[in-house]
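Engineer: Please work out how this folds:
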Amino acid sequence: MLKYLVIVGALVQLIGIFSYIKDTIKGNTKPNKVSWLMWSIAPLIATVAAFYSGVRWAVLPVFMSGFAPLLVFIFSFLNSKSYWKLERYDYVCGLCSILALVLWGVMKEPLIAIVFAIFSDAFAAIPTIIKSWSHPETESSIAYSTGVFNSLTSFAAISFWSLSQYLFPVYLVTVNGLILVIIYRKEIFKNQ
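Structural biologist: Below is the predicted model of the structure:
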């Protein structure tokens, strides 16, 4: 019964991502297009690899972690005010992310694919982490907080504990949590 919690997590993440998209269309949130495009590709590949290695319900949050960013990427083109100027490091991180995906394609091993998908996703996260640090007002925390919730639901659906079952969800909780801390760091650490 707990495995159906992943459906709740997927719905919660969709609600969060639609809120993020709404903020993007209004021009309040300025997503880094490199991050959001690469965030869509790596989890979708990890989904295929995990499904191939036998993961079933536990892969839904990973799939949503790819599908939701794809929606953000697509909708980010609707408002020119939501544009975030891409810098050299954005492109370098994007290329590193693509390289990690290519290396997975060469390996053709599900667990290695998941590891390279994590590397790809992490390289894609760097531009948004940097942007969130320097301009937290250009980010909306809802996508990251619902992303944490969605990723945590994976653990309820794990049928047997193996790296291919929990590695990507652990990473997703970590990276979304990190971005949340960065966005709210001034509020979190103001009394220290």
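Engineer: Show me the helices in the chain, by range?
Structural biologist: All helices of the chain, identified by DSSP state H, fall at 5-26, 33-52, 60-75, 88-107, 110-134, 142-152, 154-157, 163-183, 185-188.
Engineer: can you list contacts of the lowest-mean-pLDDT helix or strand in the chain?
Structural biologist: Within the chain, no helix or strand scores below helix 88-107, which has a mean of 75 by mean pLDDT, DSSP states H and E. In this structure, residues lying in contact with helix 88-107 by CB atoms under 8 Å, 6 or more residues apart in numbering are 32, 34-35, 37-38, 41-42, 45, 49, 112-113, 116-117, 119-121, 123-124, 126-127, 130. Bear in mind the C-beta positions are built from the backbone N, C-alpha and C, glycine included.
Engineer: ok, of these, which come out buried?
Structural biologist: Applying 16 or more other CB atoms under 10 Å to these, the neighbour count classes 32, 34-35, 37-38, 41-42, 45, 49, 113, 116-117, 119-121, 123-124, 126-127, 130 as buried.
Engineer: Mind pulling up the pLDDT for M1?
Structural biologist: For M1, the pLDDT comes out at 63.
Engineer: Let the chain start at 38 from now.
Structural biologist: Sure thing, new numbering starts at 38, so read that last one as M38.
Engineer: low-scoring stretches of the protein, by residue?
Structural biologist: Filtered on pLDDT under 70, the chain yields the residue ranges 38-40, 119-123, 145, 228-229.
Engineer: how does it look with 90?
Structural biologist: 38-47, 50, 63-103, 113-164, 175, 177, 184, 187-206, 209, 223-229 (pLDDT under 90).
Engineer: Spell out which residues sit in contact with the closest residue to T84 other than its chain neighbours, please.
Structural biologist: Counting by CB to CB, 6 or more residues apart in numbering, T84 lies nearest to F100, which is 4.4 Å off, once chain neighbours are set aside. Taking CB under 8 Å, 6+ apart, we find F100 in contact with A47, P80, L81, T84.
Engineer: how much space between E124 and S169?
Structural biologist: Applying CB to CB, to the nearest Å, the value for E124 to S169 is 14 Å.
Engineer: If you count surrounding residues, which of those two has more?
Structural biologist: Counted by other CB atoms under 10 Å, E124 and S169 do not tie: S169 has more neighbours, with 24 against 14.
Engineer: what's the burial count for the closest residue in space to that one that isn't next to it in sequence?
Structural biologist: Nearest non-adjacent residue to S169, counting by CB to CB, 6+ apart: I219, 4.5 Å away. Here the count is done by other CB under 10 Å, and I219 has 20 residues near it.
Engineer: show me what contacts P80?
Structural biologist: Counting by CB under 8 Å, 6+ apart, P80 touches V99, F100, S102, G103, P106, A154, D158, F205, L209.
Engineer: Tell me the buried residues in the least confident helix or strand of the chain?
Structural biologist: Applying 16+ other CB under 10 Å to helix 125-144 flags D127, C130, G131, C133, S134, I135, A137, L138, W141 as buried.
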